[in-house]
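# My questions are about this predicted structure, shown below with the sequence.
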Amino acid sequence: MKTKRFLILALLLLIITPLSSLKAQIVKGEVFFGGNACQVDGDECYGYKKLGLHAGAGALVPVTNFMDIGLEVLFNQKGAFKRDSIQYGSTYPHAYNLKLNYAEVPLMVYLTDKDKFSVGFGVSYGRVVGIDEKIDRISSGTGVGDGHLYWKNGYDGPDLGDITNLEQLGELFYKDLGFNDTIHIPQFVANSNTYSSNDICFCADLRCRIWKGFHAELRYQYSLKPIRTRLYYQNITETLPSQIRLQRNNLVTLRIVYIFNEPDGKSTDKKPKTNSVY
């Protein structure tokens, strides 16, 4: 019985002690402004050539003297850019420009060293609030949806949401559905003309204090789930499918962070000097 009481008391102390410490800390507000260098993996466009806006606000909740939990609300522009065709190379010069606008909520954990350098990691949930995809400066008509391949011509086939490569698609056609090889996949399957409405990303940060409450921060962000499934072809008439690719956002952010209610980083532990009296 005494042991049980001791364990309950110890558990209460473990709960109350961090809460009392947290109460003594000051929740710090943040504002962010910066830019993104973006690409979409799996879309045949290579390099961080698409630039986007990054802005928002958040709060830092101290957990210990060196660890904070951050919650942010952001407007985040992602996308991709290429000067020629995304499928057929420079032989068919059609510029590609994709802009994806997200309302985003990252949840981060920051570890700080000497009130100057911080490293952070976390996850971010984004919701599409705008899409603009242009091929040769003409809108593609792509919208928001589930981002999967779909059936066309009114064919009511099985769900294509789990198809990730041509081998799976071929097995579905010629084995499960019983079509012979004279039936071509492009006759029944249309490319996805939607992007997923949600984007869940992994985030990693490096932050450095530059002056008082101002910090410079570098963030890397990558989609954990595909935002679109696309069927690529060997020819411009789109009759010979070559591969299925899962597309993901991939971006680097450089931003300036201003933190309210933040100590200036100078130590306050030093006692003032006093003249010794002998």
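Okay, I see it.

# For the chain, which segments count as strands?
Per DSSP state E, the chain carries strands over the ranges 28-41, 50-62, 67-82, 96-113, 117-135, 138-139, 143-145, 150-151, 189-190, 194-196, 198-211, 214-223, 228-233, 241-259.

# Tell me the strands beside the fourth one, with direction?
Sheet pairing of strand 96-113 (DSSP bridges) gives strand 67-82 (antiparallel), strand 117-135 (antiparallel).

# tell me which residues in the first one are buried?
Right, strand 67-82. Judged by neighbour count (16 or more other C-beta atoms under 10 Å), strand 67-82 contains these buried residues: Asp68, Gly70, Glu72, Leu74, Phe75, Asn76, Gln77, Lys78, Gly79, Ala80, Phe81, Lys82. In this view, the C-beta of every residue, glycine as well, is placed from N, C-alpha and C.

# Now do it against strand 28-41, angle only.
Interaxial angle, strand 67-82 versus strand 28-41 (axes from the mean of the first three to the mean of the last three C-alpha atoms, to 10 degrees): 30 degrees.

# Next: the last one.
When the same axes, to 10 degrees is applied, the directions of strand 117-135 and strand 28-41 differ by 50 degrees.

# buried set for strand 117-135?
Using 16+ other C-beta under 10 Å as the burial criterion, the residues of strand 117-135 that qualify are Ser118, Gly120, Gly122, Ser124, Gly126, Val128, Ile131, Glu133, Ile135.

# If the second one is in a bridge, with which residues?
Beta bridges link Gly120 to Tyr110, Asp205, judged by DSSP bridges.

# Please report how far it lies from Gly56.
15 Å (C-beta to C-beta, to the nearest Å).

# same thing with Thr253?
From Thr253 over to Gly56 the distance is 11 Å, taken as C-beta to C-beta.

# Output the below-cut-off pLDDT ranges for the chain.
Applying pLDDT under 70 to the chain flags residues 1-25, 85-94, 263-278.

# Quick check: the gap between the residue most central in space within the chain and Lys78.
The structure's the chain has its C-alpha centroid closest to Cys201; by C-alpha atoms, centre = their mean the separation is 3.4 Å. According to C-beta to C-beta, Cys201 and Lys78 sit 9 Å apart.

# list residues touching both of these two?
Common neighbours of Cys201 and Lys78 (criterion: C-beta atoms under 8 Å, 6 or more residues apart in numbering): Asn249.

# ok, how many other residues are close to Glu171?
Residues within reach of Glu171, counting by other C-beta atoms under 10 Å, total 12.
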